[in-house]
Structure formats: C-alpha cells, structure tokens
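Student: no sequence on this one, just coordinates:
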C-alpha cells in the first residue's frame, strides 16, 4: 500500500509534471535549433567567401595566360587564394572539402604551366568551375 500515496501525488501534480516535461523539451529543442542555425551560418559565410576567392583565382588564371599580365596574373597570389579556399573548406560539408582538396592538388601540379599551356588553363578553369558547382549545391541544401 506504499504505492497509493505516490500514485495520489502523481495524480495531484500531473499538470506540474507535464509542464516540466514540456519546458525541458522546449529547452532542448531551442538549444538544438540554435546550434544548427549557427553551424549553417558558419557554413554559409565560409562558402560565400569561397565563391569570392574562386572568382579571384579564375581572374588570376585568365590574366596570367591570356593577357600575360604578371601583376594581375600573379600565380603566387593564386596559390594564396587556393590555400585560403582550402582552409575555409574545413568549415564546410565533406563534398565541398573534397572539391577544395582536389582543386588545391590540381593547382599545385599544374600552376607552373598556366602561362604557356592552354590545355592546362582549361584543366584548372574546369576544376575551379567544378568546385564552384559543389559549393553552390551545398548552399542550396542549407536549411
């Protein structure tokens, strides 16, 4: 008969217990949602920056090969942008990070031929475009 008083207490405090469960659920949901929003915000900012630097790298490639402009087509500046893109990709989903890794590899292997070899320009430009596509796809899927 020791259970009767517990059962009576639960019955008389059911509203308070339900209120506590609802309050805890709301707290957990709000915390989860805030963390999710912050993660998406970080990804969004990183990916917009990546798009900006991808455009700059493409300009560097174009100036280096087509205009032979060593100031605006400075391949060392291109490398610094590639490294920055790679660093920003650490904040992004796996497909974006993989695309940035691949872009960095293509740049390191081929950048010394950008001034003279048109197929290399095409290869690097296509890799820049592919990375851009992956970043844009990732942005489209953010919530």
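Tutor: Sure, I can see it. Predicted, not measured: the structure shown is a model, and the values here were computed from it. Numbers count the residues shown, from 1 in each chain.

Student: Which elements pack onto the helix or strand harbouring residue 101?
Tutor: In this structure, residue 101 sits in helix 94-110 according to DSSP states H and E. Under the contact criterion of 3 or more C-beta pairs under 8 Å, 6 or more residues apart in numbering; DSSP states H and E, helix 94-110 touches helix 14-62, helix 75-88, helix 118-140. C-beta: built from backbone N, CA, C; applies to glycine.

Student: Tell me which of the ones you listed is the most buried.
Tutor: Ranked by mean neighbour count under mean count of other C-beta atoms under 10 Å, the helices and strands packed on helix 94-110 are led by helix 75-88, which reaches a mean of 18.

Student: now that helix: how far from the chain's centre is it?
Tutor: 16 Å (C-alpha atoms, centre = their mean, to the nearest Å).

Student: What mean pLDDT does it get?
Tutor: Across helix 75-88, the average pLDDT comes to 97.

Student: For the residue positioned nearest the centre of the chain, give me its contacts.
Tutor: Residue closest to the average C-alpha location in the chain (C-alpha atoms, centre = their mean): residue 92, at 2.6 Å. Residue 92 is in contact with 43, 46, 47, 50, 100, 135, 138, counting by C-beta atoms under 8 Å, 6 or more residues apart in numbering.

Student: Phi first, then psi, for it.
Tutor: The phi/psi pair for residue 92 (degrees, to the nearest 10) reads phi -110, psi 170.

Student: residues in contact with residue 97?
Tutor: So residue 97 contacts 89, 90 (C-beta under 8 Å, 6+ apart).
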